[in-house]
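>>> Here is a sequence together with a model predicted from it:
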Amino acid sequence: MISLLDTAEEAEFRAEARDWLRANVPGPLPSGDTRDGFAEHLHWERALFDAGWAVVSWPRRYGGRDASLWQWLIFEEEYYAAGAPQRVTQNGIFLLAPTLFEFGTPDQQDRLLPRMAAAQDLWCQGWSEPGAGSDLAAITSRASAVEGGWRLNGQKTWTTRGAFSTHLFGLFRTDPAAARHRGLTYFLVPLDADGVTVRGFGRLDGDEGFAEVFFDNVHVPADAVLGEPGSGWQVAMSTTGSERGLTLRSPGRFLHTAQRLIALAAAQGDRLRPAVRERVTRAWLNARAYQLFTLNQVTDLVEGRAPGARSSLNKLFWSRLDIELHEIALELLGGEAVLDSPWTRGFQFSLAGPIYAGTNEIQRNIVAERVLGLPRA
Amino acid sequence: MRFALTEDQVALRDAVTAPLAAGDWDALAGIGVFAAMTDLGLDETDLVPVLEEVGHAAVAAPVTATAFVAAPLLLALGDDRAAAGTLRVAVAGPGGLTPFGGHADLVLHLDGGTARAGGARVKASTVDISLDAVASTAGEVLTDDPALVGAAAARAALGHAAELVGLGRRMLELTVGYVKQRHQFGAPVGSFQAVKHQLADAYLGLEFARPAVLAAAWALREGAGAREAVDGAVVLAADAAHAASRAAIQCHGAIGYTVEYELHRYAKRAWALAALATPGDRLDALATTIGLPKEL
């Protein structure tokens, strides 16, 4: 039976989340991609954790509340509807954590997950290198087996919030003789280890939200490996599924932006031009379409039908939607669009959407080859 | 919440594909397609996957109008012939333009809260010659119950949306097959990114329209926000099918711009249904629904 209504249990969960968020969401915080703003966001993350809302879908022993995927989605909807801050912990809790649950040893899970949930350890993703972006398998950073562990050398870059993070998860080449996708290993690295240098630098919006990370004979213990040595590609691919799919970009975020856009347009009254009125309506409709697509996807997941390469569809859609919503806002703002504001900031950030988590060109290749069955070049 | 087809819904959908491909009206009646909304007690969410297949097959008969629109409306008026599949009913679109009106037993007009039977019919030349369209004039009043007529009109629009998704899927499947076997520069043209990316985008549009169609079916069943949901589904499905037609013709190259190859049939059916479903008017109505002011 199909139903788009909350069950009694889901409604109760929604009400509880809404009440807590209403009472606790702070006013607008400075950007979490600046040093000071990041610190303020950490206060918020710890408040979320203390109240049990930081990682709702995780087991209780790691700080979650054993919420179902539906409840997670409901929490996300309420979170963005309440105007709550961006999640500066997202690379840990949404990207690394699902991989840790799948591939981590019990010791790794017990050691890392509670500190991640409490925003004590802050994780960044170390994949891209100066010579390896879309072609991720071309990475050259390497790890050599040494007495009691591994020695890391090389460089990662475009690392989001790397300058404010305490830990990095990333891929390193452990077998230089193996073919591209083989011979890679997934490492969990503390950024305060000897030999690590982190240099933050400005993104398009000027915030120090990027970093490059240098590894110069960095020693890590054997249990810094997630999954088996040499299986890094498969382990990493489970993270890309999360990153492209719904766990990173739940529909609540875009529905909230669409509501803000409608309010901005409605405020123009009779001055709202018909062409813009139509564009606003289409953008709202697309946000709604993304929501319905994900409700279908969550049902499939709950019933054991994995999305596989279809998670590239989410990424293509939400990244285009985010730009659409912000471009229309700039048009509505007219001359005011030269000012630094949440809309102009949001527009600049939206332009990163088709680039991070695998460029949209790569996503289209994936859809064409792995979903539609077109031949590889 | 639970938002995916059930096993029974998938089974019904799969059962209709062969009779639809054969254009076998009696076989469809045998499966219960026309009685689905009445005797069988099924609802809109059960039928829209079937109607997507009707679109996919580009059936040259008023299957959707009879099963989805006329059967429940006429039964409420005491006439069970559409539900039995013995009365072929076409539904008039804007201006009385009626797809499959040429060989329908009855034309239904659903305007302004009143359902009327069609009177005089004049053959209409349309972009899709398999549409067998007529311009029909509204005649005798069948009912002016606004709930009955409103539901029928909403189902007619949603039927177009579901068919458009199916047509888009058909065009995409045809194109994927073609670009795998067509070679240029010593390689299948489907291995080129310029082709792949167009088809991936066309697929994306269809995959995001389908849940909106199913959600509108649910909204109709529940009587909750149905008008808005149907309008949105029509806009998304019409856009997606149009984009699929563009990508399909372009990626076929010159063979796609001929009537010697089947693609044109699906493209023209999609253009015709999209025109009849009036997505522009619906987008305008949606704008008002979400609170956007309108220039006077």
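Cool, got the structure.

>>> In contact with residue A:23: list those residues for me.
Going by Cβ atoms under 8 Å, 6 or more residues apart in numbering or on different chains, residue A:23 touches no other residue. Placement of C-beta: from N, CA and C, glycine included.

>>> surely residue A:194 meets residue A:152?
No - using Cβ atoms under 8 Å, residue A:194 makes no contact with residue A:152, being 11.0 Å away.

>>> Near residue A:304, how many other residues are there?
Neighbours of residue A:304 under the rule other Cβ atoms under 10 Å in any protein chain shown: 6.

>>> Neighbour count: residue A:194 and residue A:152, which is higher?
Neighbours were tallied for residue A:194 and for residue A:152 using other Cβ under 10 Å; the higher tally belongs to residue A:152 (23 against 8).

>>> quick one on the thing from earlier: common neighbours of residue A:194 and residue A:152, please.
Shared contacts of residue A:194 and residue A:152, defined by Cβ under 8 Å, 6+ apart, comprise A:218-219.

>>> Enumerate every residue touching the closest residue to residue A:300 other than its chain neighbours.
Nearest in space to residue A:300, with sequence neighbours left out and distances taken as Cβ to Cβ, 6 or more residues apart in numbering or on different chains, is residue B:4 at 5.9 Å. Contacts for residue B:4 (Cβ under 8 Å, 6+ apart) come out as A:2, A:296, A:299-300, A:303.

>>> swap in residue A:149?
So residue A:149 contacts A:219-222, A:224 (Cβ under 8 Å, 6+ apart).

>>> Mind checking what secondary structure the residue nearest to residue A:300 has?
Assigned by DSSP: H, G, I helix; E, B strand; the rest coil, the conformation of residue B:4 is coil.

>>> per-residue pLDDT, it?
Residue B:4 is assigned 98 on the pLDDT scale.

>>> and if you look at residue A:242?
pLDDT, residue A:242: 62.

>>> Which of the contacts of residue A:149 fall in strands?
A:219-221 (DSSP state E).

>>> Just the closest of the residues you listed to chain B, please.
Among the ones in strands among the contacts of residue A:149, residue A:220 lies closest to chain B (Cβ to the nearest Cβ), at 38.6 Å.

>>> what are the ranges of the helices in the stretch 101-250 of chain B?
Under the criterion DSSP state H, counting those that start in this stretch, helices of the stretch 101-250 of chain B are mapped to B:146-181, B:193-222, B:226-252.

>>> and of the ones you listed, who's closest to residue A:189?
Among these, helix B:193-222 comes nearest to residue A:189, with 35.0 Å by Cβ to Cβ.

>>> burial of residue 191, as a residue count?
All of this refers to chain A. Using other Cβ under 10 Å, residue A:191 has 21 other residues around it.

>>> ah, I was thinking of chain B
18.

>>> Need the three-state assignment for the residue nearest to it when sequence neighbours are not counted.
What sits nearest to residue B:191 in space, not counting adjacent residues and going by Cβ to Cβ, 6+ apart, is residue A:375, at 4.4 Å. The three-state label given to residue A:375 by three-state DSSP is coil.

>>> OK, contacts around residue A:375?
Residues near residue A:375 by Cβ under 8 Å, 6+ apart: A:369, B:180, B:187-188, B:190-191.

>>> who touches the closest residue to chain B within the stretch 101-250 of chain A in this structure?
In the stretch 101-250 of chain A, no residue comes nearer to chain B than residue A:134, which is 11.9 Å away by Cβ to the nearest Cβ. Residue A:134 makes contact with A:358-359, A:361-362, according to Cβ under 8 Å, 6+ apart.

>>> Next one: it from residue B:248, what distance?
28 Å (Cβ to Cβ, to the nearest Å).

>>> How about residue B:84?
Look at residue B:84 and residue B:248: by Cβ to Cβ, they are 37 Å apart.

>>> One more: residue A:177?
46 Å.

>>> Compare the two and say which is more crowded by neighbours.
residue B:248 (28 against 6).

>>> Please give me every residue in contact with that one.
Contact partners of residue B:248, counting by Cβ under 8 Å, 6+ apart, are B:171-172, B:174-175, B:202, B:256, B:263, B:266-267.

>>> ok, now with 7 Å
With contact set as Cβ atoms under 7 Å, 6 or more residues apart in numbering or on different chains, residue B:248 has these partners: B:171-172, B:174-175, B:256, B:263, B:267.

>>> Run through the residues that contact the closest residue to it other than its chain neighbours.
Nearest residue to residue B:248, sequence neighbours excluded (Cβ to Cβ, 6+ apart): residue B:171, at 4.0 Å. Contacts for residue B:171 (Cβ under 7 Å, 6+ apart) come out as B:244-245, B:248, B:263, B:266-267.

>>> same deal with residue B:141?
Contact partners of residue B:141, counting by Cβ under 7 Å, 6+ apart, are B:114, B:116.

>>> In the stretch 51-200 of chain B, which residue sits nearest chain A?
Nearest residue of the stretch 51-200 of chain B to chain A: residue B:196, at 3.5 Å (Cβ to the nearest Cβ).

>>> ok, that residue to residue B:208 distance?
According to Cβ to Cβ, residue B:196 stands 19 Å off from residue B:208.
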